[in-house]
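Colleague: what follows is a predicted structure for the sequence shown.
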Amino acid sequence: MKKKRLLIIICSITLAFILTIIVSNYQSFYHAKEQCIQQGNIPHIERSFLILSWSVSCEK
């Protein structure tokens, strides 16, 4: 029973960590895009699944 509880705790912590990384990465992406728009440029966006890898380039 202790092993099962430990496994659930470890899985929960891992899931929370992964979700935190995804949300943080998305916020960085959104901020970069908004900065480009605020400067009067057009953002060109390249991204992968779940926005784990992304690139924003600003062009006038």
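Modeller: Right, received. Where do you want to start?
Colleague: so what does the helix or strand containing residue 35 touch, helix or strand wise?
Modeller: Taking DSSP states H and E as the definition, residue 35 sits inside helix 2-38. Counting contacts by 3 or more CB pairs under 8 Å, 6 or more residues apart in numbering; DSSP states H and E, helix 2-38 packs against strand 42-47, strand 54-59. Heads up, the C-betas are built off the backbone N, CA and C, glycines and all.
Colleague: buried deepest among those, which one?
Modeller: The highest average neighbour count among these, using mean count of other CB atoms under 10 Å, belongs to strand 54-59 at a mean of 13.
Colleague: so it versus strand 42-47, what angle?
Modeller: Interaxial angle of strand 54-59 relative to strand 42-47 (axes from the mean of the first three to the mean of the last three CA atoms, to 10 degrees): 160 degrees.
Colleague: pull the residues that contact strand 54-59.
Modeller: 25, 29, 32-33, 36, 39, 41-48 (CB atoms under 8 Å, 6 or more residues apart in numbering).
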